[in-house]
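# any chance you could fold what I've pasted below:
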Amino acid sequence: MDKNEILTKMRDYETTINNLIATTSAEQLTQTRGEDGWSLKDVLAHMAAWQELCASWIDMVMRGETPPQTTTFSDETINQMNENFYDTNKNRPLNEVIGFFRQSHEQLLNVVNALTDDDINEPNRFAWRAGRPLLAFIAGNSFGHFEEHADSLRGRMDKSRVS
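The predicted structure is shown next:
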């Protein structure tokens, strides 16, 4: 996948999220809970936190620094990070979470835009990726992450419309 395709997918994902925000009341965004106990706001904050992490780590690498995590995350590590992100953001007001989502998304778009196709797709371009292309890291923390949560978001939306 080339950079332009990635940027298009990221912008499409942003449009979908912005449409969700625009067509859902503040009460629905903050009160409707999924089976995990998270509201739509909590899921937005979760996705924003991972976008921010992704953007900051890529930015570090492009400056010649090494990110703090150089191996693939274990499920336990991911669960702990998710819990920490939730605890950090659960009491933030909705407007701050929406702003955080938009800011982190813009930050990631800018970082990706500065990359070359080789930066994105060459498996050995960055030593910290251990033979894995940067594409997987970008997708997994942006449009792919949204796809991972899409059914859960739809379920929360359906639940909010019934309530």
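# for Asn82, which non-adjacent residue is spatially closest?
His46 (6.5 Å; CB to CB, 6 or more residues apart in numbering). For the C-beta atoms, the positions are set from N, CA and C on the backbone; glycine is no exception.
# quick one: the helices in the chain, in order.
Along the chain, the stretches classed as helices by DSSP state H are 3-22, 26-31, 40-62, 75-89, 94-113, 117-121, 134-140, 143-162.
# which parts of the shortest one are buried?
If I follow you right, that is helix 117-121. Neighbour-count burial for helix 117-121, counted by 16 or more other CB atoms under 10 Å, picks out Asp119, Ile120, Asn121.
# helices or strands next to that helix in the packing?
Applying 3 or more CB pairs under 8 Å, 6 or more residues apart in numbering; DSSP states H and E, one finds that helix 117-121 makes contact with helix 3-22, helix 134-140.
# tell me which of those helices sits most buried.
Here the criterion is mean neighbour count by mean count of other CB atoms under 10 Å, and of the helices and strands packed on helix 117-121 the winner is helix 134-140, at a mean of 20.
# packing partners of that one?
Looks like helix 134-140 contacts helix 3-22, helix 40-62, helix 117-121 (3+ CB pairs under 8 Å, 6+ apart).
# can you pull the alpha-carbon coordinates of the second one into CSV?
Spelled out, that is helix 40-62. Extracted C-alpha coordinates of helix 40-62, given in CSV (Å, rounded to 0.1, in the frame of the first residue of the first chain):
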residue,chain,number,x,y,z
LEU,A,40,-18.4,5.9,22.7
LYS,A,41,-16.3,8.8,24.2
ASP,A,42,-14.1,6.2,25.9
VAL,A,43,-13.5,4.4,22.6
LEU,A,44,-12.7,7.7,20.9
ALA,A,45,-10.1,8.5,23.6
HIS,A,46,-8.7,5.0,23.3
MET,A,47,-8.2,5.3,19.5
ALA,A,48,-6.8,8.8,20.0
ALA,A,49,-4.3,7.6,22.5
TRP,A,50,-3.0,4.9,20.1
GLN,A,51,-2.8,7.4,17.2
GLU,A,52,-0.8,9.8,19.4
LEU,A,53,1.6,7.0,20.5
CYS,A,54,2.0,5.9,16.8
ALA,A,55,2.7,9.4,15.6
SER,A,56,5.1,10.2,18.4
TRP,A,57,7.1,6.9,17.9
ILE,A,58,7.4,7.4,14.2
ASP,A,59,8.5,11.0,14.8
MET,A,60,11.1,9.7,17.2
VAL,A,61,12.4,7.2,14.7
MET,A,62,12.6,9.9,11.9
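# which parts of stretch 137-152 are buried?
By neighbour count on 16+ other CB under 10 Å, the buried set for stretch 137-152 is Phe137, Ile138, Ala139, Asn141, Ser142, Phe143, His145, Phe146, His149.
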